[in-house]
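Asker: Return atomic coordinates for the entry below.
(chains A, B, C and D)
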There are 2 protein chains.
Amino acid sequence: MRGVQHNEPEQLATIFKALAHPVRIAILDLLRYGEECVCHMEATLGKRQAYISQQLAILRAAQIITDRRDGMNIFYRVVRPEIYALLDAARAVNSLPMSVPPPIRRESCPCPKCTPVVAVAD
Amino acid sequence: MRGVQHNEPEQLATIFKALAHPVRIAILDLLRYGEECVCHMEATLGKRQAYISQQLAILRAAQIITDRRDGMNIFYRVVRPEIYALLDAARAVNSLPMSVPPPIRRESCPCPKCTPVVAVAD
DNA sequence: TTAGTATATTCCATTCTTTGCATACAGTCA
DNA sequence: TGACTGTATGCAAAGAATGGAATATACTAA
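Answerer: Sure thing, here's the model as predicted:
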């Protein structure tokens, strides 16, 4: 994914390339309902951290997502929500259902969203 | 069957791969207003015939287009018009204009659509 | 400071994709 | 039939993407 593009089909092809990978699509589906941290994607997708991070770098380079640090975790979110219309349009081409289930808290994910602070008896 | 099968990022990635190429996008834009023959794409896109034919083969394999012979020419057309919603959605992501200009008859294209029979004075 | 945790990057072998070239094939016309 | 035209296919070299392993970075806590 190189620098700026001049000609129009070239720009479109760049977006499609960023989406032409099942793990990157799964990541975007995870982010559909809001930001998530890397460890959550790791737990949900069952892929190694470094691998997830590589795919996130590609989506970041395509300016589809951005990140935000909060304490020890880095949360990613989609900055071009139009991308979901694109995913839905692709599902329509395949006659696939549109709905993507809301995110699930993962026991195996250590981030604060997944392991909320529990009141401890004193 | 427990819930909708939701492991189709692979299928979506396949569509995006078929579209992740500027020449294939340009071909689909050419076919937006109806069928066109290979020679017309050759003339319009300024690419060699064998190259166009290769890209057509990929779109055919992805079941996005199909062909029809008429005399000496082979005309291609889109069989999944939903693909245009997909292209338009990608343009929206890039904040690009939606409209694709209608096809232009090419002097350099020898097909009957481009060089209509002209009444000859007797 | 040191140790630890979360995430990113770099390197690399392997595998897919791209695209030019040559050629094959299938109709058409004389 | 043979020559011709439009289109498709096979091959191969170059290039890009994949995904694994190791390592680097950046922050937090003690």
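
Asker: hey, let's count contacts and neighbours off CA atoms from now on
Answerer: Fine.

Asker: Got phi/psi on the residue of chain A at minimum distance from DNA strand D?
Answerer: Distances between chain A and DNA strand D by Cα to the nearest atom of the strand are smallest at A:G71, namely 4.1 Å. Per-residue torsions, A:G71: phi 60, psi -120 (degrees, to the nearest 10).

Asker: and it, what pLDDT?
Answerer: Turning to A:G71, the model gives it a pLDDT of 86.

Asker: what about the strands in chain A?
Answerer: With strands called from DSSP state E, chain A shows them at A:36-37, A:65-70, A:73-78.

Asker: Return the most buried member of those strands.
Answerer: Ranked by mean neighbour count under mean count of other Cα atoms under 10 Å in any protein chain shown, the strands of chain A are led by strand A:36-37, which reaches a mean of 24.

Asker: which strands and helices sit next to that strand?
Answerer: Counting contacts by 3 or more Cα pairs under 8 Å, 6 or more residues apart in numbering or on different chains; DSSP states H and E, strand A:36-37 is packed against strand A:73-78.

Asker: other SSEs contacting the strand it packs on?
Answerer: Strand A:73-78 packs on strand A:36-37, helix A:38-45, strand A:65-70, going by 3+ Cα pairs under 8 Å, 6+ apart.

Asker: Does anything pack onto the last one? Which helices or strands?
Answerer: Secondary structure elements in contact with strand A:65-70, counted by 3+ Cα pairs under 8 Å, 6+ apart, are helix A:49-61, strand A:73-78.
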